[in-house]
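A.B. asks: Make a model of this:
(one chain, ligands or ions: 1)
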Amino acid sequence: MTTRDIDESVSTELNRLRESIDNIDAAVVHMLAERFKCTQQVGHLKAAHHLPPADPAREGRQIERLRQLAESAHLDPAFAEKLLNFIVAEVIRHHERIAEESATNGQA
Ligand SMILES: O=C(O)C(=O)C[C@]1(C(=O)O)C=C[C@@H](O)C=C1
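C.D. replies: As a prediction, this is how the structure comes out:
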């Protein structure tokens, strides 16, 4: 096997792995888009009923559950918690904007 053959087999393997990574990234984006569709509806429901954008008790339960799922999937639980917090912070910003718009326009 020449150096060029080794390089080719490495780049073939790298490309194969990157195709899977691209598929997984696409799935993550689609799943996040679906999650945000749900949370937008929650935002409108909360605004219509004057409920606060954030629910720390619910977040506590979600974090506990995700940490356990992460552990059984051999994923760092601290990473799973940070990821959820990052997503939820964005959702809360959306909820706040919906509540502001609803207060201004009188609709949720
Ligand atoms: O379940 C809710 O009450 C939501 O608003 C959704 C959500 C989430 O993104 O999962 C966002 C904000 C809350 O603090 C808790 C959870």
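
A.B. asks: any idea which helix is longest in the chain?
C.D. replies: helix 3-48 (DSSP state H).

A.B. asks: and after it, which helix or strand comes next?
C.D. replies: Downstream of helix 3-48, the first helix or strand assigned by DSSP states H and E is helix 56-72.

A.B. asks: Residues touching that following helix, excluding its own?
C.D. replies: The contact list for helix 56-72, computed with CB atoms under 8 Å, 6 or more residues apart in numbering, reads Asp76, Pro77, Phe79, Ala80, Glu81, Leu84, Asn85, Val88. Where C-beta positions appear, they are placed from N, C-alpha and C, glycine not excepted.

A.B. asks: Tell me who's in contact with the second one.
C.D. replies: Meaning Pro77. With CB under 8 Å, 6+ apart, Pro77 has these contacts: Leu66, Arg67, Gln68, Ala70, Glu71.

A.B. asks: nearest to the ligand, of the residues you listed?
C.D. replies: Checking the contacts of Pro77 against the ligand by CB to the nearest ligand atom gives Leu66 as the nearest, at 10.3 Å.

A.B. asks: if we can go back for a sec, narrow the contacts of helix 56-72 to just the buried residues.
C.D. replies: Buried by 16 or more other CB atoms under 10 Å: Pro77, Ala80, Glu81, Leu84, Val88, out of those.

A.B. asks: So which of the residues you listed reach the ligand?
C.D. replies: When contact is defined as CB under 6 Å from any ligand atom, these meet the ligand at Val88.

A.B. asks: and the buried ones among the contacts of helix 56-72, which two are the farthest apart?
C.D. replies: Pairwise distances across the buried ones among the contacts of helix 56-72 peak at 16.1 Å for Pro77 and Val88 (criterion: CB to CB).

A.B. asks: picking up where we left off before, among the contacts of helix 56-72, pick out the one closest to the ligand, please.
C.D. replies: Val88 (4.5 Å).

A.B. asks: The ligand contacts on this protein?
C.D. replies: Thr39, Val42, Ala54, Asp55, Arg58, Glu59, Gln62, Val88, Val91, Ile92, His95.
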